[in-house]
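Q: need the 3D shape of this:
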Amino acid sequence: QVQLEEFGGGTVQAGASLRLSCRMSGRNLRNYARGWFRQGPGKEREFVATISRHFDTTYYADSVKGRFAISGNDATNTIYLEMNSLKPEDTAVYYCAARVGILSSDKSEYDYWGQGTQVTVSS
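A: Now for the predicted structure:
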């Protein structure tokens with residue numbers, strides 16, 4: 001069984017930066033690509049960023065490209081989401097997720113999810 005736990009949410013002002021972490025535990029962790037998704041108030045959960053299982057390939061939603069960066073640390077089984085130039089529309093619960101195989105932007109293809117962490121950006 002795989003477990004994911006997010007850290008690092010909070011409330012910041014527009015233009016600030018924030019870094020989220022997601023620690024993964026379980027077996028055969030190198031088989032899993034990871035992703036970040038978010039769900040804003042009254043909205044569906046949407047794709048933010050994804051990283052391959054060897055942390056060498058990334059892909060971003062257009063809405064965050066150039067502002068957010070996803071990375072991973074193999075030694076600690078942790079992925080990160082560095083968020084810069086935050087905007088009020090980035091306010092959401094952020095979830096990390098894992099799937100066996102290649103990276104994906106499709107939330108339906110992910111097998112495991114964390115509990116989420118709230119990010120609030122005030123104007």
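Q: could I get the full set of strands for the protein?
A: Here the chain has its strands, by DSSP state E, at 3-7, 10-13, 18-25, 32-39, 46-51, 58-60, 68-73, 78-83, 92-100, 112-113, 117-122.
Q: which residues does the closest residue to residue 82 other than its chain neighbours contact?
A: Of all residues not flanking residue 82 in the chain, residue 69 sits nearest, at 4.4 Å (Cβ to Cβ, 6 or more residues apart in numbering). Where C-beta positions appear, they are placed from N, C-alpha and C, glycine not excepted. Residues near residue 69 by Cβ atoms under 8 Å, 6 or more residues apart in numbering: 49, 58, 81, 82, 84.
Q: I figured the first one was touching residue 61, is that so?
A: Yes. Residue 49 is in contact with residue 61 according to Cβ atoms under 8 Å; the separation is 6.9 Å.
Q: what about these two, which has more around it?
A: Higher neighbour count among residue 49 and residue 61: residue 49, with 26 against 16, using other Cβ atoms under 10 Å.
Q: any figure for the gap between the nearest residue to residue 1 once chain neighbours are set aside and residue 14?
A: Nearest non-adjacent residue to residue 1, counting by Cβ to Cβ, 6+ apart: residue 26, 5.8 Å away. As for residue 26, its distance to residue 14 is 37 Å (criterion: Cβ to Cβ, to the nearest Å).
Q: enumerate the positions of stretch 109-120 that are buried.
A: 110, 112, 113, 114, 116, 117, 119 (16 or more other Cβ atoms under 10 Å).
Q: ends of that stretch, what's the gap?
A: 27 Å (Cα to Cα, to the nearest Å).
Q: again with stretch 44-53
A: 26 Å.
Q: stretch 33-53 now?
A: 4 Å.
Q: can you list the buried residues in it?
A: Buried residues in stretch 33-53, counting neighbours by 16+ other Cβ under 10 Å, are found at 33-38, 45, 47-53.
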